[in-house]
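Asker: My questions concern the predicted model and sequence given below.
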Amino acid sequence: MALAPFIFGSHEPNTLEQLRDVASRAEKAALMADGHLGYVMPIGGVAAYRNKISVVGVGFDIACGNAAIRTDLTTSHLAGRLSELADEIQDTISFGVGRKNQSDDAPTNHPLFEDAAWDAVPGRHERDQLRSKARAQLGTVGSGNHYVDVFADEDDRIWVGVHFGSRGFGFGVAHGFLALSQVLEWGARAPERETLLDVRQPLGDAYWELMTLAGRYAYTGREWVARKVVDILGGREVELVHNHHNFAWIEEHGGESYYVVRKGATPAFPGQMGFVGGSMGDNAVIIQGVESDDPAVREIQARALYSTVHGAGRVMSRTQAAGKRTRHGKVLRPGVISRDMMHEWVRKKDVVLRGGGTDESPHVYRRLPDVLAAQGPTIEVLHSLRPLVVVMAGAEELDPYKD
């Protein structure tokens with residue numbers, strides 16, 4: 001009999017019910033302290049399967065993740081220039097729905113576009129269309145909760161942090177295999193329900209290949225954006241911390257091999273570093289999985305499948321925060337968070353904000369220190385990162401590719 005899922009922190013009943021449903025099909029499952037309701041599988045959920053992978057578990061923003069670069073700069077190098085730098089970042093990096101990377105050095109000819117995994121997309125037209133979109137969007141950030149931030153750590157060293165995924169490429173792969181698994185054509189609209197694919201069968205193997213390629217794509221895009229911003233700041237890269245949090249890995253747990261799906265959860269094996277964001281008005285952190293000889297700590301880490309949080313976790317839906325409007329801007333239902341409330345928060349934190357909607361205000365998130373504390377002794381904080389500049393898409397942007 002499988003163990004009951006391991007749970008960090010406290011959660012809403014519907015989130016826990018969703019976790020129990022996932023656990024009924026998985027060999028092992030866990031929920032991180034930033035967990036909340038998702039599609040089929042809760043955000044913050046982790047599930048291990050034998051020779052199977054969950055399409056909806058990985059999610060529609062395949063390989064969404066965080067990257068952070070420590071630079072050779074300090075706050076003194078940026079003094080008096082934060083507003084100017086925020087404008088340049090906003091003008092240089094592509095934020096928003098369906099945007100193309102307009103930079104002269106956009107990585108449109110990256111070797112990943114010649115990878116054999118593209119052949120797993122059924123149909124030449126569909127394959128060419130998806131690859132063309134992916135080529136144009138590589139190195140774009142999107143909108144929703146995706147961002148580019150400039151931080152200072154406890155020693156006033158400057159870091160650049162980014163959060164986004166595989167854009168329209170991953171979105172197309174997820175929906176394509178969701179349709180194929182329901183005996184529909186690639187591109188058909190399919191209900192968002194659990195789909196466990198056997199990786200030993202052609203369909204599951206094809207999904208695995210394209211999911212893995214989406215992971216390479218997301219890593220390439222995040223590193224391109226982060227390094228572009230380092231150049232804008234006039235600095236050099238000293239250290240890179242980089243992780244997916246919507247992905248699946250082949251891992252060994254308890255002497256057995258599993259396909260481990262993390263949906264809004266960060267890998268945190270002993271000694272493994274991660275970058276975890278808070279909100280536009282809160283500190284982020286660089287964390288590390290703890291290396292411990294304490295059997296109790298090691299047991300918790302194993303039950304958690306060596307995973308931790310990916311952010312602070314939402315406590316308010318986007319619609320509740322921002323309200324609901326028609327396509328023409330008419331207010332159907334007002335939100336509980338105003339732009340004045342959001343800007344007052346970031347102003348008190350001395351954050352230079354560009355873009356961002358009230359559905360991403362700090363009010364809609366838990367406080368990251370509380371979430372990290374709920375993870376217990378499984379992780380340690382190496383650096384606390386104070387936001388100086390936060391750049392996001394405009395408030396009215398609705399991103400179909402967000403996680």
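Answerer: Alright, I've got the coordinates.
Asker: The closest residue to residue 47 other than its chain neighbours and residue 54: what is the separation?
Answerer: Of all residues not flanking residue 47 in the chain, residue 26 sits nearest, at 3.9 Å (Cβ to Cβ, 6 or more residues apart in numbering). No exception for glycine: its C-beta is placed from N, CA and C like everyone else's. To residue 54, residue 26 is 8 Å away according to Cβ to Cβ, to the nearest Å.
Asker: Now list whatever residues contact both of the two.
Answerer: residue 47 (Cβ atoms under 8 Å, 6 or more residues apart in numbering).
Asker: So the two - more neighbours on which side?
Answerer: Each of residue 26 and residue 54 has its neighbours counted (other Cβ atoms under 10 Å); residue 26 has more, 27 against 23.
Asker: Where does the more buried one sit: helix, strand or coil?
Answerer: coil (DSSP: H, G, I helix; E, B strand; the rest coil).
Asker: can I assume it is in contact with residue 50?
Answerer: No - checked against Cβ atoms under 8 Å, the pair residue 26 and residue 50 is beyond contact range at 9.2 Å.
Asker: Run me through the strand neighbours of the longest strand seen in the chain, direction for each.
Answerer: The longest strand of the chain (DSSP state E) is strand 379-391. In its sheet, strand 379-391 lies beside strand 147-152 (antiparallel), strand 284-289 (antiparallel), strand 352-354 (parallel), with partners assigned from DSSP bridges.
Asker: okay, it in CSV with CA atoms only?
Answerer: Below are the C-alpha coordinates for strand 379-391, written out as CSV (Å, rounded to 0.1, in the frame of the first residue of the first chain):
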residue,chain,number,x,y,z
ILE,A,379,16.2,23.5,3.2
GLU,A,380,18.4,26.3,4.2
VAL,A,381,18.4,29.9,3.0
LEU,A,382,21.8,30.9,1.5
HIS,A,383,20.9,34.4,0.4
SER,A,384,18.0,36.8,0.9
LEU,A,385,17.3,39.0,-2.2
ARG,A,386,15.7,42.4,-1.8
PRO,A,387,13.9,43.6,-4.9
LEU,A,388,15.2,46.8,-6.4
VAL,A,389,13.5,46.6,-9.9
VAL,A,390,10.5,44.5,-10.9
VAL,A,391,9.5,44.4,-14.6
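Asker: residues of that strand that come out buried?
Answerer: By 16 or more other Cβ atoms under 10 Å, the buried positions in strand 379-391 come out as 379, 383, 384, 385, 386, 387, 388, 389, 390, 391.
Asker: One more: stretch 340-351?
Answerer: So stretch 340-351, judged by 16+ other Cβ under 10 Å, has buried residues 342, 343, 345, 346, 349, 351.
Asker: same thing with stretch 245-263?
Answerer: Going by 16+ other Cβ under 10 Å, stretch 245-263 has these buried residues: 245, 246, 247, 248, 258, 259, 260, 261, 262, 263.
Asker: And stretch 193-200, by the same measure?
Answerer: Quick answer for stretch 193-200 (16+ other Cβ under 10 Å): 195, 196, 197, 199.
Asker: Can you lay out those residues as TSV showing distance to residue 174?
Answerer: Conversion of these to TSV gives the following (distance: Cβ to Cβ, whole Å):
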residue	distance to residue 174
195	10
196	14
197	12
199	16
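Asker: picking up where we left off before, next, format the buried residues of stretch 245-263 as a markdown table and append secondary structure.
Answerer: Below are the buried residues of stretch 245-263 laid out as a markdown table (three-state DSSP):
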| residue | secondary structure |
| --- | --- |
| 245 | coil |
| 246 | strand |
| 247 | strand |
| 248 | strand |
| 258 | strand |
| 259 | strand |
| 260 | strand |
| 261 | strand |
| 262 | strand |
| 263 | strand |
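Asker: closest to residue 317 among those residues?
Answerer: Checking those against residue 317 with Cβ to Cβ, the nearest one is residue 263 at 17.4 Å.
Asker: just the strands in the stretch 101-250 of the chain please.
Answerer: For the stretch 101-250 of the chain, the strands defined by DSSP state E, counting those that start in this stretch cover 147-152, 157-164, 196-198, 237-244, 246-253.
Asker: With respect to residue 3, which of those lies nearest?
Answerer: Among those, the nearest to residue 3 by Cβ to Cβ is strand 246-253 (11.4 Å).
Asker: I figured residue 200 was touching residue 51, is that so?
Answerer: Yes - applying Cβ under 8 Å, one finds residue 200 in contact with residue 51, separated by 5.6 Å.
Asker: so who does residue 117 touch?
Answerer: 209, 210, 212, 213.
Asker: Quick one, grab the pLDDT at the residue nearest to residue 225 when sequence neighbours are not counted.
Answerer: Distance criterion Cβ to Cβ, 6+ apart; nearest residue to residue 225, sequence neighbours excluded, is residue 162 at 5.2 Å. At residue 162, the pLDDT value in this model is 98.
Asker: so who does residue 162 touch?
Answerer: 66, 67, 68, 141, 147, 148, 149, 222, 225, 226, 229.
Asker: try residue 199
Answerer: Contacts of residue 199 (Cβ under 8 Å, 6+ apart): 51, 52, 53, 205, 207, 208, 259.
Asker: ok, it to residue 112 distance?
Answerer: Distance of residue 199 to residue 112, computed by Cβ to Cβ: 21 Å.
Asker: about what we covered before: for residue 318, state which of the contacts of residue 162 is nearest.
Answerer: Comparing the contacts of residue 162 against residue 318 with Cβ to Cβ places residue 147 closest, at 15.4 Å.
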